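In: Okay, predicted coordinates and the sequence, questions at the end:
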There are 2 protein chains.
Amino acid sequence: MAEKVDHEERRRQIAEALLRIAETQGLQAASMRAVAAEAGVSLRLVQYYFTTKDGLLLDALARLGVQLQARMERWIEGAGSVPTPRSVVTAILSCILPTDAESRRITRTYAAYYTLVLSDPEAMEKKGPLQPDLLEGFLAKQIRSAQEAGEVGEGKDAAVAAAGLLAMVNGLGSSVLGGQRSGEEAVAILEYHLGELFGAGTR
Amino acid sequence: MAEKVDHEERRRQIAEALLRIAETQGLQAASMRAVAAEAGVSLRLVQYYFTTKDGLLLDALARLGVQLQARMERWIEGAGSVPTPRSVVTAILSCILPTDAESRRITRTYAAYYTLVLSDPEAMEKKGPLQPDLLEGFLAKQIRSAQEAGEVGEGKDAAVAAAGLLAMVNGLGSSVLGGQRSGEEAVAILEYHLGELFGAGTR
DNA sequence: ACAGGCATGATACAGGTGTACCAGGATTGG
DNA sequence: CCAATCCTGGTACACCTGTATCATGCCTGT
C-alpha cells in the first residue's frame, strides 16, 4: 500500500489549529473551513482525516486533556525535590489557574468547550483522560495523608475540602477569564484558603 | 397615534422565549426563527421589537439579571425574621446553586451566555444590574460585620474569603450542571465551608 | 370620515455551514 | 511496467443564518 504521510502528525496539526481558533475566537468560529485555513490545508483534508466535525471536536478535546495532564505532572515535579502533600495540592490547583500563557490558553479553550458539553449532556464521556472526579479523589487522598501527618486539623473533612477547593479554582479561573481579576490575585485567594486548610486549624 | 399593543409585554414575551431556548438547548440554538416559533409570533415581529439579534440577546440577559436579583432578595427575606450576617451570606450563596427548578433554569441560562461574553470581551458591560464585583463587595461587608460581632475569627480576611466563596459557588454550580454532583451535595459542600468560616476559627 | 402612522405578514437576499461527490496525482506492490 | 491504493484538490448541494424590503391591515386623533 502507499503509505506516504504521517497520519498522526497531520491529525495533530489540524486538531491544534482547531484548538487555536477555539482559544482566540471561540468554538462557534471554528468552522471546518476556518480550521482548514488555520492549519494551512484544504477543506478536503480536514474531512479526510476527521470524517465528521464531531470527530474533530472530540479528538481536539482529548488532545487538550493530555496537554493539561502533562502540565500538571510537570508542575508536580517542579514543586520540590521531596513533594509534600501540601506542595502537591498547591501545584495541582494553581497550575489550573490562568496565570501564564500556557494555562491561559488551556483554560480559555476548555471554557470554549464548556457550553458545548452542556447542550449535549454526557455525549462526551469516556473520552477524557482527565475526569474531574478522579482529580478530586486524588486531591482528597493527598489531604487525608497530610491529615495523618498532622498538617491539617482532625476535624476537617478531606473529601469535602477537596471538592470545595477544586470548585473554587474553577470559579476563580472563570473570573480571571472574565476580566474581573488578574491571575495573580486568583492565586493569592487560592493560597489564602490553602493556608486556612493546612494552617493546623487554629489561626 | 395608533397605540394598540403593550410593547413591553411583547418584548418580555419574546425575550423569555429566547431564555427558554437558551436554557434547554443552548444559545447557539436560539436563532431568530426559533425564538419567533417559541414565542408563537412571526419572524418579522421579533425583528420589529428587537431590531437586531444582539439587541435581543442583551435585553434577554438583562431580564435574566433582574430575575436572579429578585430571587436573591426573596431568599434573603426568607432567611429569617432578623437576618444575621451569616444567614444573609448563606442565603445569597445557596440561592445561586442549581437546586430547585428556578435556580437550575437561571444557572443553565447564565452558563449559556458564558462563552458568549468570553468571545466578545467587555462588549456586554454597563448592562447588568448584577455585577459580580458588587455582590462580592456586599458579601465581604457582611462577613466583616460578622467579624466585629465575634462570629468569625479575627485572623480571617473578609474580602479574600468572600471572593473565594463566590468562586466556589460558581464552580459548584458548574459541576452540578455538568452532572458530576447533585444540587444537594453542592449545598452540603458550601455549608461545610461556611461552617469553617463562621465556626469561630477553632475546630 | 379620513388620512397617518403603527403593527404585522410574507418573502427575498446574500452569506456561511457541514457534508458529499468526482476526479486526478503520487507511490508502492507485483 | 502496470495496476491498485492512498492521498488531495475543487466543487456542488442542501440547509440555515441574520437582515432588508414590500405590502397590507387596523386603530386613532381630529
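Out: Perfect, thanks for sending it.
In: hey, let's count contacts and neighbours off CA atoms from now on
Out: OK.
In: so what's the residue in chain A that chain B sits nearest to scoring on pLDDT?
Out: Residue nearest to chain B within chain A (C-alpha to the nearest C-alpha): residue A:168, separated by 3.6 Å. For residue A:168, the model assigns a pLDDT of 98.
In: host element of residue A:122?
Out: Using DSSP states H and E, no element contains residue A:122; it sits outside every helix and strand.
In: ok, it - contacts?
Out: By C-alpha atoms under 8 Å, 6 or more residues apart in numbering or on different chains, no residues touch residue A:122.
In: Report pLDDT for it.
Out: Reported pLDDT for residue A:122: 70.
In: phi, psi of it?
Out: phi 50, psi 10 (degrees, to the nearest 10).
In: Give me the distance between it and DNA strand D.
Out: Distance, residue A:122 to DNA strand D, by C-alpha to the nearest atom of the strand, to the nearest Å: 23 Å.
In: returning to what we had before: might one say that the residue of chain A closest to chain B is in contact with residue B:161?
Out: No. Judged on C-alpha atoms under 8 Å, residue A:168 makes no contact with residue B:161 at a distance of 11.0 Å.
In: who has more neighbours, these two?
Out: residue A:168 (27 against 21; other C-alpha atoms under 10 Å in any protein chain shown).
In: any residue of the helix of greatest length in chain A up close to DNA strand C?
Out: When chain A is parsed with DSSP state H, its longest helix is helix A:53-77. Yes. Interface with DNA strand C: helix A:53-77 contributes A:53, A:54 (C-alpha under 7 Å from any atom of the strand).
In: Counting by contacts, list what that helix packs against.
Out: In terms of contacts (3 or more C-alpha pairs under 8 Å, 6 or more residues apart in numbering or on different chains; DSSP states H and E), helix A:53-77 is packed against helix A:7-25, helix A:85-96, helix A:101-119.
In: Taking helix A:85-96 as reference, get the angle to it.
Out: On the basis of axes from the mean of the first three to the mean of the last three C-alpha atoms, to 10 degrees, helix A:53-77 is oriented at 140 degrees to helix A:85-96.
In: ok so, going back, check contacts around the closest residue to the residue of chain A closest to chain B other than its chain neighbours.
Out: Counting by C-alpha to C-alpha, 6 or more residues apart in numbering or on different chains, the nearest residue to residue A:168 once its immediate chain neighbours are dropped is residue B:168, at 3.6 Å. Contact analysis of residue B:168 by C-alpha under 8 Å, 6+ apart lists A:164, A:165, A:166, A:167, A:168, A:169, A:170, A:171, A:172, B:190.
In: and with 7 Å instead?
Out: Residue B:168 sits next to A:164, A:167, A:168, A:171 when contact means C-alpha atoms under 7 Å, 6 or more residues apart in numbering or on different chains.
In: can you redo the residues you listed as a markdown table with distance to residue B:157 and secondary structure?
Out: Putting these into a markdown table (distance: C-alpha to C-alpha, whole Å; DSSP: H, G, I helix; E, B strand; the rest coil) gives the following:
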| residue | distance to residue B:157 | secondary structure |
| --- | --- | --- |
| A:164 | 18 | helix |
| A:167 | 20 | helix |
| A:168 | 16 | helix |
| A:171 | 19 | helix |
